[in-house]
Structures are given as structure tokens and as C-alpha cells.
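S.K.: Just the structure for this:
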Amino acid sequence: MRSGSKVLLVLLLMPLAITLTVGVLPAASEGMSARDVELLRAKVRADKKLFISQNMGLMQSEAVGFWPVYDRYQKELEGLANRTIALIEDYARSYDTMTNATAKDLLDRYLAIQADRLKVRRAYLPEFRRVLSDRQVARYYQLENKIRAVTMFQLAAKIPFI
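M.R.: Residues are numbered from 1 along each chain as shown. Alright, predicted model coming up:
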């Protein structure tokens, strides 16, 4: 398999694993223990890090500065992902009995998560720029955007309209 094909395969399979961890696919995630879910999430994190590593092409001197910033950034993104998971779970619980007040709350929370995601991205930009060239930072943000777009597409396909 060509390197580009492997990268595409990882990019396409990663969101499926993420989707399983948030329970959007009940048949696949029913019966999974909390430990199993955490192991799956750890595998997804490792696969994502490998994907980023393979596509950044960092020199050793760049990697030394990049990975600690990456790890802190991912920790903050994970907090946002956890808030998103909670939001999806609340949406699922209230789906059949959705009121205007509940819809308003869910939408407000969704927009707050999006605003916080942008704040985190902006806050880390100077840190990434201290350890990488602007071209490399742009590439990294592009990789993150692609992963997020595929993930959000798969989630959107599983979440019904109100």
C-alpha cells in the first residue's frame, strides 16, 4: 500500500474509532466497559499522533520543541471533545422530548464549545510558531482541520435532525 493510501486509510478509520468512543453507534459500543472505551480512546490518540508525525516530517530538533506543545494542545482539545460528547449524550437523551428550552440550551452549549475551540487554537498558535516555521504550523493546523472535518462528518451522519 502506498504511503498516501495508508495516510488516507488512517484518516478515514480514526473518526470511526472516535465515533465508537462517544457511543453514537450504540450497537457497536453497547457492552463496552469504561476500561474498553478508555483503551480505544488511547489507541485513537496514539494513531492520531502517528498520523501527525508521518505527515509533519519534522527534523529531530523541531520534534523536540513540537511534541510537548502538541501534547498540551491535545489535552485542551480532549476537554472540548469531552464537552462535545456530553452535549451529544444530552441531545440523545432529550431527542424524543425536545422542548424549545432544551434546544436553546443545547445550541448555546454547542456555540460555546466552538468559541472555546477557536480560543484554544488561537492561544496555541504563538507556541507552535516558537518551535516551527509558519509553513509547518499551517501544515499542522491543516492536518488537525482534516481530522476534525472527517470526524464531524461521520458524527453528523449519525445524529438525526431535531
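
S.K.: Can you list the buried residues in the helix ranked longest in the chain?
M.R.: Counting by DSSP state H, the longest helix found in the chain is helix 60-94. Buried residues in helix 60-94, counted by 16 or more other C-beta atoms under 10 Å: 63, 66, 69-70, 73-74, 76-77, 81, 83-84, 87-88, 91. All C-beta spots, glycine's among them, are computed from the backbone N, C-alpha and C.

S.K.: out of those residues, who's nearest R109?
M.R.: Comparing those against R109 with C-beta to C-beta picks out L87 as the nearest, at 5.4 Å.

S.K.: For the closest residue to that closest one other than its chain neighbours, what is the enclosing helix or strand?
M.R.: Nearest residue to L87, sequence neighbours excluded (C-beta to C-beta, 6 or more residues apart in numbering): R109, at 5.4 Å. R109 is part of helix 100-131, with elements assigned from DSSP states H and E.

S.K.: Identify the residue nearest R83 in space, chain neighbours excluded?
M.R.: I113 (5.3 Å).

S.K.: Return the residues in contact with that neighbour.
M.R.: 80, 83-84, 87 (C-beta atoms under 8 Å, 6 or more residues apart in numbering).

S.K.: Flag the shaky bits of the protein, pLDDT-wise.
M.R.: Within the chain, the stretches with pLDDT under 70 are 1-32.

S.K.: name the helices or strands packed onto the longest helix of the chain?
M.R.: Contacts defined by 3 or more C-beta pairs under 8 Å, 6 or more residues apart in numbering; DSSP states H and E place helix 60-94 against helix 34-56, helix 100-131.

S.K.: Skipping adjacent residues, who's closest to T102 in space?
M.R.: T102's closest residue in space is S94 (C-beta to C-beta, 6+ apart), at 4.9 Å.

S.K.: about what we covered before: and the helix or strand following the helix holding R109, what does it pack onto?
M.R.: Sequence-wise, the next helix or strand beyond helix 100-131 is helix 134-158, with elements assigned using DSSP H and E. Contacts defined by 3+ C-beta pairs under 8 Å, 6+ apart place helix 134-158 against helix 3-21, helix 34-56, helix 100-131.

S.K.: for helix 134-158, which positions count as buried?
M.R.: In helix 134-158, counting by 16+ other C-beta under 10 Å, buried: 136-137, 139-140, 143-144, 147, 150-151, 154-155.

S.K.: likewise stretch 111-126?
M.R.: For stretch 111-126, by 16+ other C-beta under 10 Å, it's 113, 117, 121, 124.

S.K.: Could you pull up the residues touching the last one?
M.R.: Applying C-beta under 8 Å, 6+ apart to Y124 gives the contacts 69, 72-73, 76.
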